[in-house]
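Student: give me coordinates for this.
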Amino acid sequence: MIEQLAAIVGEKHVLTGADRAPYANDISGTREAMPLAVVRPADTAEVSAIVRLANDMKIPVIPVAGRSGLCGGAVGEALIVSVERMTAIREIRADARTAVVEAGAILSDIHDAAEAQDLVFPLTFGAKGSARVGGFLATNAGGSNVLRYGNTRDLVLGIEAVLPTGEVVDLMSGLHKNNSGYDLRHLLIGSEGTLGIITAATLKLHPKPGAYATAMIGMQSLSDALPLLNEVQRETAGSVEAFEYMPDRYIEDHIALNPAHKRPFDTAYPVNILIEIGALAPRDCQVNDAGEIPIVSYLEDILGRYLEDGRIDDAVVAKTEAQRKEMWARREAAAEIATGRGVRLTNDVAVPLDQIETFLTRADAVLAEVDAGAETSVVSHLGDGNVHYTVFPSQADPELKETIMERVEDIVLDLRGSFSAEHGIGTAKLSSMQRRKDPAALAAMRAIKAALDPNGIMNPGKVLPPA
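Tutor: Here you go, the predicted structure:
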């Protein structure tokens, strides 16, 4: 196999021995397995040849992109196919507002290429400097701007992929309407490499906001936050891009990790909200005669009224780009905070928007009952119902972790939510899939997997629990 792979991609792009080590774990550091070998193709034709070879030899294959996943989806004792050399941003079509990119293109590079055309690719999250197209499509990543722009799935017009047999499907059309049978694009997005390897994509771009209005808001109760979001949405014609929740404990953890950073307010508040509005109309973006940016002044006026009415306790509006970046640095430190505290259990859940406070109250009560010594770190994409409820158990006991996960899932299920919001399944949530996923839905997924991947070579043991 090694000799045949070298004939396809060149000897230096087949990694064996100690060179495999960087691919043995994911960013969480909790899942590790040494790959059989690592192969780094340069284009779709090479990916196709590799997969065809693996399928003929019945060798398991794991597609890998930026290796920034948290659920073990890109780790295993298999042939790792890394798209890291396929980095081209082939085309930015400014008038059509699309970008044609290869699977190894890094998210932040796509941001820069779009911005050069006064456009944005709005998907963003903390790992944007390392996450690659193939990975964030395979997991249907979320991020901070889902509120306005949707998940990854909503930002993809077309894809190219290599199926488990080595065949290439070209679905790269940039059409907004295409009603020609089953939408294989959406089947492959979010499949975590179990149905094929995404090699390229046509992404949807948006006009770049001419100005941002960003603020931190201090409140006493989370129940007051959603009405605030709804009112600001109405007053700004749906221009809110992010609405992020950080409790006071998270603020303390951030300062402990980064002593140079300050609290957002002189007083500590139980609820801290980061809100950002993106304005497009020139009347809202251009500096006026008073030297002010209208959208920023407008947000100040809105928050001033809420302060007078007693609906919020404090607010700080960013006046400079440096202040805006400082606010975002606080929120984007979530992964760093979580990984710096040892053994943890990440509950990446979604519940209806008006049930977030109920979920947190009930989850805290259950945790106190199951493991009184456990601690938590909580942040939430409050505008889309996604809560990151990270638990640090008092002891590194796998049974205790599973019990906590199951009890949290009980609450999520009761609230008609989802046990996986944006991180995917991988191996970390196989037990959750077994317990919680509708049996008929699981059977349908297994049937699709068997039809497309009859030899079961593509990322085996991920997403679908054993029948």
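Student: next, count neighbours for residue 171.
Tutor: 18 (other Cβ atoms under 10 Å). To be clear about C-beta, it is placed using only N, CA and C from the backbone, and glycine gets the same treatment.
Student: quick one: contacts for it?
Tutor: 158, 159, 160, 161, 184, 185 (Cβ atoms under 8 Å, 6 or more residues apart in numbering).
Student: what does residue 8 give?
Tutor: 39, 41, 46, 49, 50, 53.
Student: 10 Å - rerun?
Tutor: 14, 39, 41, 42, 45, 46, 47, 48, 49, 50, 52, 53 (Cβ atoms under 10 Å, 6 or more residues apart in numbering).
Student: so how far is the helix or strand where it lies off the chain centroid?
Tutor: According to DSSP states H and E, residue 8 maps onto helix 2-9. Helix 2-9 sits 34 Å away from the centroid of its parent chain (Cα atoms, centre = their mean, to the nearest Å).
Student: buried set for it?
Tutor: By neighbour count with 16 or more other Cβ atoms under 10 Å, helix 2-9 contains the buried residues 5, 8, 9.
Student: ranges for the strands of the stretch 101-250 of the chain?
Tutor: 119-120, 156-162, 168-171, 197-204, 206-207, 211-219, 240-247 (DSSP state E, counting those that start in this stretch).
Student: out of those, flag the one nearest residue 269.
Tutor: Residue 269 lies closest, by Cβ to Cβ, to one member of the strands of the stretch 101-250 of the chain: strand 211-219, at 3.6 Å.
Student: between strand 240-247 and that closest one, find me the angle.
Tutor: If you take axes from the mean of the first three to the mean of the last three Cα atoms, to 10 degrees, strand 211-219 sits at 30 degrees to strand 240-247.
Student: quick one: strands adjacent to strand 211-219?
Tutor: strand 271-279 (antiparallel), strand 314-317 (antiparallel) (DSSP bridges).
Student: using PDB, write out every CA atom in the first one.
Tutor: What follows is strand 271-279, C-alpha atoms only, in PDB (Å, rounded to 0.1, in the frame of the first residue of the first chain):
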ATOM      1  CA  VAL A 271     -25.100  37.900  33.100                       C
ATOM      2  CA  ASN A 272     -22.700  39.400  30.500                       C
ATOM      3  CA  ILE A 273     -23.800  39.800  26.900                       C
ATOM      4  CA  LEU A 274     -21.700  40.600  23.900                       C
ATOM      5  CA  ILE A 275     -23.800  42.100  21.100                       C
ATOM      6  CA  GLU A 276     -22.700  43.100  17.700                       C
ATOM      7  CA  ILE A 277     -24.600  44.800  14.900                       C
ATOM      8  CA  GLY A 278     -23.400  44.900  11.300                       C
ATOM      9  CA  ALA A 279     -24.600  47.900   9.300                       C
END
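Student: ok, then the element right after that strand?
Tutor: Taking DSSP H and E, what comes next after strand 271-279 is helix 282-285.
Student: list the buried residues of that next one.
Tutor: Neighbour count says helix 282-285 has 284, 285 buried, by 16+ other Cβ under 10 Å.
Student: which of the contacts of residue 171 tops the neighbour count?
Tutor: residue 161 (30 neighbours).
Student: coming back round to it: most packed of the strands paired with strand 211-219?
Tutor: Mean neighbour counts were taken over the strands paired with strand 211-219 using mean count of other Cβ atoms under 10 Å, and the top value, a mean of 24, falls to strand 271-279.
Student: and the average pLDDT for it is what?
Tutor: Strand 271-279 carries an average pLDDT of 97.
Student: ok now it, how far from the chain's centre?
Tutor: 19 Å.
Student: what's the pLDDT at residue 332?
Tutor: 88.
Student: ok, now the one 10 residues further on?
Tutor: Residue 342 carries a pLDDT score of 70 in this model.
Student: in CSV, list the strands paired with strand 211-219 along with distance to residue 297.
Tutor: Shown next, in CSV, are the strands paired with strand 211-219 (distance: least, Cβ to Cβ, whole Å):
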stretch, distance to residue 297
strand 271-279, 11
strand 314-317, 9
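Student: and the ones you listed: which comes nearest residue 430?
Tutor: strand 271-279 (33.3 Å).
Student: just checking, residue 195 touches residue 457?
Tutor: No - counting by Cβ atoms under 10 Å, residue 195 stays clear of residue 457, with 11.2 Å between them.
Student: between those two, which one's more packed in?
Tutor: residue 195 (24 against 21).
Student: grab the nearest non-local neighbour of the more buried one.
Tutor: residue 452 (5.2 Å; Cβ to Cβ, 6 or more residues apart in numbering).
Student: who are the neighbours in contact with the one you found?
Tutor: 163, 164, 165, 167, 184, 187, 188, 191, 194, 195, 196, 458.
Student: just give the number of residues close to the second one.
Tutor: Number of residues near residue 164 (other Cβ under 10 Å) recorded here: 23.
Student: then residue 167?
Tutor: Neighbours around residue 167, by other Cβ under 10 Å: 14.
Student: now that residue 418 has come up, it's in contact with residue 384, right?
Tutor: No - using Cβ under 10 Å, residue 418 is not in contact with residue 384, being 11.5 Å away.
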